[in-house]
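Novice: Got a predicted structure here, sequence first:
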Amino acid sequence: MISTAYTVTTTAVKVYDKTNASERIYVRPTGADMYLGGAGVTVANGLKLDANTVTEIFLDGAETLYAIVNTGSHTLTVLAPNQS
């Protein structure tokens with residue numbers, strides 16, 4: 001597993017790229033609620049993640065995940081299988 005911290009702002013940020021296999025990842029937003037979804041994610045259509053809470057997500061190998069926040073700039077930590 002590898003842990004990566006992303007700075008998430010009011011513009012969608014790619015936080016997980018597609019792979020060749022289905023995987024479980026763990027995400028933890030710090031400081032503010034965040035919203036996850038595809039490239040067009042917004043605070044209106046994204047899956048809300050509560051701040052400072054770890055959430056497990058199962059992804060199909062063909063999916064790419066983006067995150068966005070309502071205001072400011074906050075950190076999202078992603079724990080995922082090592083792709084190398």
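Specialist: Structure received.
Novice: ok, Asn20 - how many residues close by?
Specialist: One way to gauge burial is a neighbour count; for Asn20, by other Cβ atoms under 10 Å, it gives 8. Every residue, glycine included, has its C-beta placed from N, CA and C.
Novice: Tell me which stretches of the protein form strands.
Specialist: Counting by DSSP state E, residue ranges of the strands within the chain are 2-8, 13-16, 23-30, 34-37, 47-49, 55-59, 65-68, 74-80.
Novice: ok and the first one relative to strand 23-30, angle-wise?
Specialist: Regarding strand 2-8 and strand 23-30, their directions subtend 50 degrees when assessed with axes from the mean of the first three to the mean of the last three Cα atoms, to 10 degrees.
Novice: Please work out the average pLDDT along strand 2-8.
Specialist: In this model, strand 2-8 has an average pLDDT of 96.
Novice: which intervals of this structure have sub-threshold pLDDT?
Specialist: Along the chain, the parts satisfying pLDDT under 70 run over 83-84.
Novice: Swap in 80 and give it another go.
Specialist: Along the chain, the parts satisfying pLDDT under 80 run over 20, 83-84.
Novice: List the contacts of Leu36.
Specialist: Listed by Cβ atoms under 8 Å, 6 or more residues apart in numbering, the contact set of Leu36 reads 15, 27, 46-47, 49, 57, 65-67.
Novice: hmm, I was thinking of Gly40
Specialist: Ala12.
Novice: Give me the distance between it and Ser22.
Specialist: Gly40 sits 23 Å away from Ser22, going by Cβ to Cβ, to the nearest Å.
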